[in-house]
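Asks: Predicted model and sequence below, questions to follow.
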Amino acid sequence: MYNLYHEEIIEHARHPLHKGVCENATHTHKGVNPGCGDVLSLSVNVSGNSIEDMRFDGIGCALSVAACDMLADTVKGKNVEDVLRMSPGDVYDMLGVTITPSRTNCALLGLRTLQKMLR
Amino acid sequence: MAYIDTKKIKSDFPIFGNVPEGFAYLDNAATSQTPCFVIDALTEYYTKHRANIHRGSYALAEEATARYEEARERIALFIGAEKEEIVVSGGATLASNMLILMLEAAHTYRAGEEIVTTVSEHHSLLVPLQELAERNGMVLRFAPLDKDGVVDEKAVVKLITRKTRIVAMSMASNVTGAVMPYERAMRAAKEAGAIGILDGTAYIGHAPVDMTTCSADAMFFSGHKMCGPTGVGILYMKGSLMKRLRPVFFGGGIVEEVTKDGARCTDAPYKFEAGTQPIAQIIGLGKAAEYLSGIGLEAISAHVRELVDYARTELESIPGVTLYAAPAEKNIGIVSFTVLGIHAHDIAHIAVEEGVALRAGHHCAEPLVRELGVVATVRASFYVYNTKEDVDALVCAIKKAQRVFT
């Protein structure tokens, strides 16, 4: 029934694995969801052209926190160019749920912040 | 005691026949629903009287003009004003911005002069004031709120000094529902020689008002939060202020004469209504005023306060719920809350599954929500067709969300 809130999303939201700040962060950026005032601060450690680590901190709904946590898993070890090429569809696939228009900003807060930071 | 026959009222609103039975629409502070009485008036204009207003001498144009001006009169009556004090606008935000620009054009504001407002303002008033202050080096002074979210009457009066040029505040908060001591503040503004502005968006159509006895110089509100159509708002100005102000939007319909060298504007309120106005919408808004008057604003207010009281009691009994809502007797019909450990968006989303329409976020009043110490609240807002069953559905939705996140 709670399609959006399946077990994996709830688990990532309640116990995010990548919460915090990267040690020796090479980039940091604060992402804001203007619709609700949510703020997620992202930090990454880029070595050469590869993302070694990504962490986030702040306040967000279950969807934005889970999406950010899953994103951190996904981008670890990836090239910056590959991350910049990621699309909203990649995030929705990662979440495994249908994202309605009212929740796209929540789902994409992490990716948009990360891409802005790396550009 | 039932102040309103909600079953009968609900049958006036066709939308409730097109949604699942038991659907609890609790997002009235964002926009209200529309009764047949209003929808029929829109259809009638489009099917029987459609023409542009003024100027046209054929029958349709005469009919459209007559209905447009009748609506102005009806709206004036609804808020206790003269019809010459009613300016039609495209919405509350447009009206607010237009008013601030007109004040700026008509006055010389100096660096250090002050604007007194409150921390609970909607962005549609606050941001234009901030921009005005920025352009002129003016200082914004914010009146504090008491524990119920009501502006501290003594504090606001104390803030108004000879330096104050504008006092601007909402009649009721769109987040906490708190009804503000606006008349006391407007009186103090008048005594200090400042312009008094009221944002009536959350208030008008929800409780009685009489602008004749109110000391405010100007007040604006939107049509769609009081059963009217979208795309229409009203800027009320006292005659004395109207005469002093010049329009800031120019075009057809507001000029007496245009030469290559310039134009001479017509009289108020028409000089503030450049271009083709939202004709159907204003006719609809006039009908909304008539519809609400038929029910009675006192009855609507009492009904909604009863729901607020019930909602406050029920929500307070749920562990983990924190309320941000004025007590019923000081509330226009809005109850905001947070639930421990669950983000506002998640509550609102799960409520959808339970057939409850809510809103989550800062409700375009970000400074207030920050002042409350949260990033977002869930907001339930009540109107004439809501029932205690809607509150019960809300309670179920919150409990369900707690189960999902436990």
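Replies: Now that the structure is in, tell me what you want to look at.
Asks: who's in contact with the residue nearest to B:A61 when sequence neighbours are not counted?
Replies: Spatial nearest neighbour of B:A61, excluding adjacent residues (CB to CB, 6 or more residues apart in numbering or on different chains): B:A51 at 4.1 Å. (Each C-beta comes from the backbone N, C-alpha and C, glycine too.) The contact partners of B:A51, taken as CB atoms under 8 Å, 6 or more residues apart in numbering or on different chains, are B:58, B:60-61, B:63-64.
Asks: just A:T28 next, same as before
Replies: A:21, A:41-44, A:117.
Asks: Repeat the analysis, applying 10 Å as the threshold.
Replies: A:21-22, A:41-44, A:55, A:117 (CB atoms under 10 Å, 6 or more residues apart in numbering or on different chains).
Asks: so how far is the helix or strand harbouring it off the chain centroid?
Replies: Using DSSP states H and E, A:T28 sits within strand A:27-33. In terms of CA atoms, centre = their mean, to the nearest Å, the centre of strand A:27-33 is set 10 Å apart from its chain centre.
Asks: Can you confirm whether the helix or strand that comes right after that strand lies near chain B?
Replies: Sequence order places strand A:38-47 as the next helix or strand after strand A:27-33, per DSSP H and E. Yes - Strand A:38-47 reaches chain B (CB under 10 Å from any CB of the partner chain) through A:38-39.
Asks: Could you point out which residue ranges in chain B have low pLDDT?
Replies: Within chain B, the set of residues satisfying pLDDT under 70 comprises B:1.
Asks: Please identify the residues of it in proximity to chain A?
Replies: B:341-350, B:352-354, B:359-363, B:366, B:369-370, B:374-377, B:400-401, B:403-406.
Asks: how about the residues of chain A near chain B?
Replies: A:1-5, A:10, A:13-14, A:33-39, A:58-65, A:100, A:102-103, A:105-106.
Asks: Quick check: B:K271 is in a strand.
Replies: No - secondary structure assignment places B:K271 outside any strand; it is helix (DSSP: H, G, I helix; E, B strand; the rest coil).
Asks: Now it. Nearest residue, chain neighbours left out?
Replies: B:C265 (4.2 Å).
Asks: looking at it, the one you found is touching B:K243, isn't it?
Replies: No - B:C265 lies out of contact with B:K243 (CB atoms under 10 Å); the separation is 11.8 Å.
Asks: More neighbours: those two, which one.
Replies: For B:C265 versus B:K243, neighbours defined as other CB atoms under 10 Å in any protein chain shown are more numerous around B:C265 (16 against 10).
Asks: quick one, what contacts that one?
Replies: Contacts for B:C265 were tallied using CB under 10 Å, 6+ apart; they are B:246-247, B:250, B:254-257, B:271-272, B:274.
Asks: Tell me the buried residues within those residues.
Replies: Among the contacts of B:C265, those classed as buried by 16 or more other CB atoms under 10 Å in any protein chain shown are B:247, B:254-255, B:271-272, B:274.
Asks: With distance to A:V83 as added columns, please give those residues in a markdown table.
Replies: What follows is the buried ones among the contacts of B:C265, written out as a markdown table (distance: CB to CB, whole Å):
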| residue | distance to A:V83 |
| --- | --- |
| B:P247 | 52 |
| B:I254 | 54 |
| B:V255 | 57 |
| B:K271 | 56 |
| B:F272 | 52 |
| B:A274 | 50 |
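Asks: All the helices of the chain, residue numbers only.
Replies: In the absence of a named chain, this looks at chain A. Assigned by DSSP state H, the helices in chain A fall at A:7-14, A:62-75, A:80-84, A:88-95, A:104-118.
Asks: was after chain B, sorry
Replies: Using DSSP H, helices in chain B cover B:6-11, B:36-44, B:59-79, B:92-106, B:123-136, B:153-159, B:182-191, B:239-244, B:279-295, B:297-316, B:344-353, B:366-371, B:388-404.
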